[in-house]
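Make a model of this:
(chains A and B)
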Protein chains: 2
Amino acid sequence: MEEELTKSYITMPKGFKANGVSAGMKCADPANINENDPKSSYLDVGMICSDTLCNVAGVYTSNLVKGLSLVRSLNIIENTGKARAIITNSKVANAGVGAVGVEDAAKVAEAASSLLGCDASEILTASTGVIGSRLPLDKMLPVIPSLVNGLSSSEDAAHNAEYAMMTTDTVPKEVSAQIELTGGKTVTISGIAKGSGMIHPNLATMISIFTTDCGIDSASLKKMLQKAVKYTFNRVSVDGDTSVCDMVVIFANGASGVSVEEGSEDYQLVENAFCGLAEDIARMIAADGEGATKFVEIEVHGAKDEKDAKLIVTSVARSPLCKTAFFGEDANIGRILTAVGYSGAMFDPEKVDIHLNGMLMYKDGAAVAFDEDEAAKLLSEHDLKVDITLYEGDAYDRMFTCDFSYDYVKINGSYRT
Amino acid sequence: MEEELTKSYITMPKGFKANGVSAGMKCADPANINENDPKSSYLDVGMICSDTLCNVAGVYTSNLVKGLSLVRSLNIIENTGKARAIITNSKVANAGVGAVGVEDAAKVAEAASSLLGCDASEILTASTGVIGSRLPLDKMLPVIPSLVNGLSSSEDAAHNAEYAMMTTDTVPKEVSAQIELTGGKTVTISGIAKGSGMIHPNLATMISIFTTDCGIDSASLKKMLQKAVKYTFNRVSVDGDTSVCDMVVIFANGASGVSVEEGSEDYQLVENAFCGLAEDIARMIAADGEGATKFVEIEVHGAKDEKDAKLIVTSVARSPLCKTAFFGEDANIGRILTAVGYSGAMFDPEKVDIHLNGMLMYKDGAAVAFDEDEAAKLLSEHDLKVDITLYEGDAYDRMFTCDFSYDYVKINGSYRT
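This next block holds a predicted model:
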């Protein structure tokens, strides 16, 4: 049984601490921070740390160019499956700087490891921000002591770790679930994410960190993570740009005293809860897409096979013409049809139905006469759902996206400077 | 030898006439047209007609969903390779309306054929505009007599045919070349195009019509057209959306009295000129992309093979993050690198050079320190060129695109209504 929670924070699972500090990367002079400034505007180095060594699993961007903090973490996770902590920073992606970027990230981990009394290779690193600049170690290294010394399991400290990851995000993205297992014992999973632009599958299209006090072996944890991201993180497209830095990672420290084994009922309960949280956070990311005014869910039913189903939802979710029409609240069903048509999927154009928020707008290869006032009313809603039904097979897929607004252009016309 | 021309119009080749009229689709009441209104704001039905039956060749959208006027033309061209004329209309795409759309287009052709004294199957049709509405025959059929009766080889009549195709285009796109052949005789080629949004390969990503008075057999004409579009029309991306309606068609009527045969020097001269015109018009289309403030040429050198080269230029040309950075005149080389990275092409990320308007900005897997003032000056230019050099092979490709501006969102947030 999964309990409805009123609070979500990354240190809710037992045995985790977190913190977030300002190294002056987001704001030039931390001394000038006003107490009314949102914390996401100045916190830029964050940490999540388990009291004990965890099993960890990760999924990583499919971009051939990879950020160097990510490359370092990937090597650790894939080689050992173990870690105690992760240090994140925003503002500088540590990408496109050559192999020295791995060393820079390692220096940050080393600075923390001596304070924590563990090996640097037990501390993962994740960076997000501008590509092409080296990590400003002169700013980051001096704040590592306060970062580590301030680690706490408090809600405030947990939220600070989330704020420190945020870039163009407008809202923090935090989820938690407590799962009552068959024997009456409880385990907890929490997750946080950053990600608002440069988001598209595959793979992990943002930085997201999960913690759980449930005990799970590394191999099972990896399988569970891969299942959790497949129709969630891997089905979010903000702008079709797959970032070089992004990953989803989960830490399982077993501090609840309860372990689950693959194939058991308890394992299934934990997996279901994890998939649910991953979906929740994926929806949050799409809804907070850069400049977004709408959350849009694209669904396809009856596609020939899985591949075609994915091609179709991806094509519609990427189409700038569909996305600007969503922004303009324009019932421009022709653009959706066009994007389905060039998706690369095979189907009979004479057998396509399209519903928009439940309203049939296209049937059997032809537009349906619809009430413009009713359509305008539907489109004025914040959450839009496009259902595309083909009659080729029984494959289903879905994707979460958002609209394309003036603010997307504004945000991205001048992000670097 | 190809002569530099100061004028371009579709009836410059001998034996062609054209016209453009208003059927009241673009403006509700043609009686209210003010003489200061641009002709593209009210002309909506156009025609180009040869005095005699022509050999014709066409290339068509690769979208699985195809406009019905296009389906009709495709059937004629592929079955007979012959036509005398083409009737175009803007405002209504005659797509997404079911098979009745072919009959509607045929009725328009029939109305003209009786006046021209030819068979309706010798008149092609091309429609562009909103998807999902039937052709308004009540408006179009009554103007066919004035359309046909007004056919003329004059420059004005030729321009009117172009204006009648324009939708969100801001400038007419017309090209002409006169080619002096080896024997001293001259042949002429002209072309017009419409296309500003919903533009992406493959294939023909807009409506474009070419005329020539050179005699060429149908099979050779088709080959020449396919060659001409490959690195021109098929290398334009405005928004990544491949339209359902679009085609490039060429009419060759032989009225110059000169014919060319494949393999001859004259044939090569004509092909070169045609390819040059196709490139000119492709550049015009990219530069006039919806809301465009920049013309951007993406080139890749040293890719592993043709497939990878195309993946790379396509990926950068489609990236909303690159395109908004071009708009913002932001030297955000990281976004270009990112788009190359997720293109699907294989390459060594440690061996990538990127130049922007000749300035080296990325070398050997790392960003190069560059002068921000100099970069800002380069980026303030209207024409931008991105050169991506890999060291994997010798494949080359290029693509024409434009930036993504506020106006793209404005234009497409409310196109239908």
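
what's the following helix or strand after the helix ranked longest in chain A?
Longest helix in chain A by number of residues, with DSSP state H as the criterion: helix A:265-287. Counting by DSSP states H and E, the next helix or strand C-terminal to helix A:265-287 is strand A:295-303.

Taking helix A:265-287 as reference, get the angle to that following strand.
Angle, strand A:295-303 to helix A:265-287, by axes from the mean of the first three to the mean of the last three Cα atoms, to 10 degrees: 120 degrees.

does chain B sit close to strand A:295-303?
No. Strand A:295-303 lies apart from chain B when judged by Cβ under 8 Å from any Cβ of the partner chain; the minimum separation is 13.0 Å. Placement of C-beta: from N, CA and C, glycine included.

Give me the neighbour count for A:A369.
For A:A369, the neighbour count with other Cβ atoms under 10 Å in any protein chain shown is 8.

Distance check, it against B:F274.
44 Å (Cβ to Cβ, to the nearest Å).

Could you pull up the residues touching the residue nearest the centre of chain A?
Nearest residue to the geometric centre of chain A (Cα atoms, centre = their mean): A:M206, 4.4 Å. A:M206 is in contact with A:193-195, A:199, A:233, A:236, A:243, A:246, A:248, A:285, counting by Cβ atoms under 8 Å, 6 or more residues apart in numbering or on different chains.

Next, count neighbours for the spatially closest residue to it that is not a sequence neighbour.
The shortest distance from A:M206 to any non-neighbouring residue, by Cβ to Cβ, 6 or more residues apart in numbering or on different chains, is to A:G195 (2.5 Å). Residues contacting A:G195 under the criterion other Cβ under 10 Å number 31.

for A:G195, what are its contacts?
A:169, A:173, A:205-208, A:236, A:238, A:246, A:285.

So which of these are in helices?
Counting by DSSP H, the contacts of A:G195 contribute A:I285 to helices.

Can you get me a residue count around the closest residue to A:V92 other than its chain neighbours?
Leaving out its chain neighbours, the residue that sits closest to A:V92 by Cβ to Cβ, 6+ apart is A:G129, at 4.6 Å. By the criterion of other Cβ under 10 Å, A:G129 has 22 neighbours.

And A:L115, by the same measure?
13.

Check which helix or strand it maps to.
Using DSSP H and E, A:L115 maps to helix A:100-116.

For the following helix or strand past that helix, enumerate the helices and strands it packs against.
Remark: after helix A:100-116, the chain's next helix or strand is strand A:123-127, criterion DSSP H and E. Counting contacts by 3 or more Cβ pairs under 8 Å, 6 or more residues apart in numbering or on different chains; DSSP states H and E, strand A:123-127 packs against helix A:68-80, strand A:82-89, helix A:100-116, strand A:247-252.

who does strand A:123-127 pair up with?
With DSSP bridges as the test, strand A:123-127 is paired with strand A:82-89 (parallel).

quick check: angle from the strand it pairs with to helix A:68-80?
Between the axes of strand A:82-89 and helix A:68-80, defined by the same axes, to 10 degrees, the angle is 170 degrees.

pLDDT averaged over strand A:82-89 - what is it?
On average, the pLDDT along strand A:82-89 is 96.

Measure how far that strand is from the centre of its chain, please.
The chain centroid and the centroid of strand A:82-89 are separated by 17 Å, computed with Cα atoms, centre = their mean, to the nearest Å.

Then stretch A:69-89?
Centroid separation for stretch A:69-89 versus its chain: 17 Å, with Cα atoms, centre = their mean.

Likewise for stretch A:10-25?
Centroid displacement of stretch A:10-25 relative to its chain, using Cα atoms, centre = their mean, is 18 Å.

Averaged pLDDT, it. What do you get?
Here the average pLDDT along stretch A:10-25 is 96.

Show the pLDDT at the residue in the stretch 301-417 of chain A positioned nearest to chain B.
Across the stretch 301-417 of chain A, no residue is closer to chain B than A:G334, which sits at 2.4 Å (Cβ to the nearest Cβ). We have a pLDDT of 82 for A:G334.

what residues are up against it?
By Cβ under 8 Å, 6+ apart, the residues touching A:G334 are A:367, B:93, B:95-96, B:130-132, B:416.

Among those, which one sits closest to A:C27?
Lowest distance from A:C27 to the contacts of A:G334 (Cβ to Cβ) belongs to B:R416, with 43.8 Å.

related to what we said a few turns ago, deepest of the helices and strands packed on strand A:123-127, which one?
strand A:247-252 (a mean of 27; mean count of other Cβ atoms under 10 Å in any protein chain shown).

which residues of the stretch 151-300 of chain A fall in strands?
Listed in chain order, the strands of the stretch 151-300 of chain A (DSSP state E, counting those that start in this stretch) span A:173-180, A:186-194, A:207-212, A:236-237, A:247-252, A:295-303.

on that earlier part again, for the helix holding A:L115, what does the pLDDT average out to?
Helix A:100-116 comes out at a mean pLDDT of 96.

For that helix, which outside residues touch it?
So helix A:100-116 is contacted by A:47, A:49, A:67-69, A:71-72, A:84-85, A:87, A:89, A:94-95, A:97, A:119-125, A:127, A:134-135, A:137, A:140-141, A:144-145, A:147-149 (Cβ under 8 Å, 6+ apart).

Using ChimeraX, define a selection of the buried residues within those residues.
In ChimeraX, a selection of the buried entries from the contacts of helix A:100-116 looks like this (16 or more other Cβ atoms under 10 Å in any protein chain shown):
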select /A:47,49,67,68,69,71,72,84,85,87,89,94,95,97,120,121,122,123,124,125,127,134,135,140,141,144,147,148
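
got CSV for the strands of the stretch 151-300 of chain A, with mean pLDDT too?
Listed next are the strands of the stretch 151-300 of chain A as CSV, based on pLDDT from 0 to 100:
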stretch, mean pLDDT
strand A:173-180, 93
strand A:186-194, 94
strand A:207-212, 93
strand A:236-237, 76
strand A:247-252, 92
strand A:295-303, 94
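
circling back to that earlier point, quick one: which of the contacts of A:M206 is nearest chain B?
A:S243 (6.6 Å).

Roughly how far does the nearest residue to A:K363 once chain neighbours are set aside sit from A:I336?
Using Cβ to Cβ, 6+ apart and skipping residues adjacent in sequence, the residue nearest A:K363 is A:D353, 5.1 Å away. With distances taken as Cβ to Cβ, A:D353 is found 11 Å from A:I336.

any residues in contact with both of the two?
Listed as contacting both A:D353 and A:I336 by Cβ under 8 Å, 6+ apart are A:362, A:388.

more neighbours, those two?
Applying other Cβ under 10 Å to A:D353 and A:I336 shows that A:I336 carries more neighbours, namely 27 against 18.

Please name the residues that touch the more buried one.
Applying Cβ under 8 Å, 6+ apart, one finds that A:I336 lies in contact with A:316, A:319, A:322, A:354, A:362, A:386, A:388.

Likewise for A:D397?
A:231, A:235, A:299-300, A:303, A:306, A:309-310, A:312-313.

What subset of these is buried?
Buried members of the contacts of A:D397, counted by 16+ other Cβ under 10 Å: A:231, A:235, A:299-300, A:303, A:309-310, A:312-313.

Can you give me the end-to-end span of stretch A:260-270?
End-to-end distance of stretch A:260-270 (Cα to Cα, to the nearest Å): 8 Å.

Contacts made by it with the rest, please.
For stretch A:260-270, using Cβ under 8 Å, 6+ apart, the contacting residues are A:1-2, A:179, A:181-183, A:187, A:189, A:212, A:214-217, A:220, A:223-224, A:258.

7 Å instead, please
Stretch A:260-270 has contacts (Cβ atoms under 7 Å, 6 or more residues apart in numbering or on different chains) with A:179, A:181-182, A:187, A:214, A:216, A:220.
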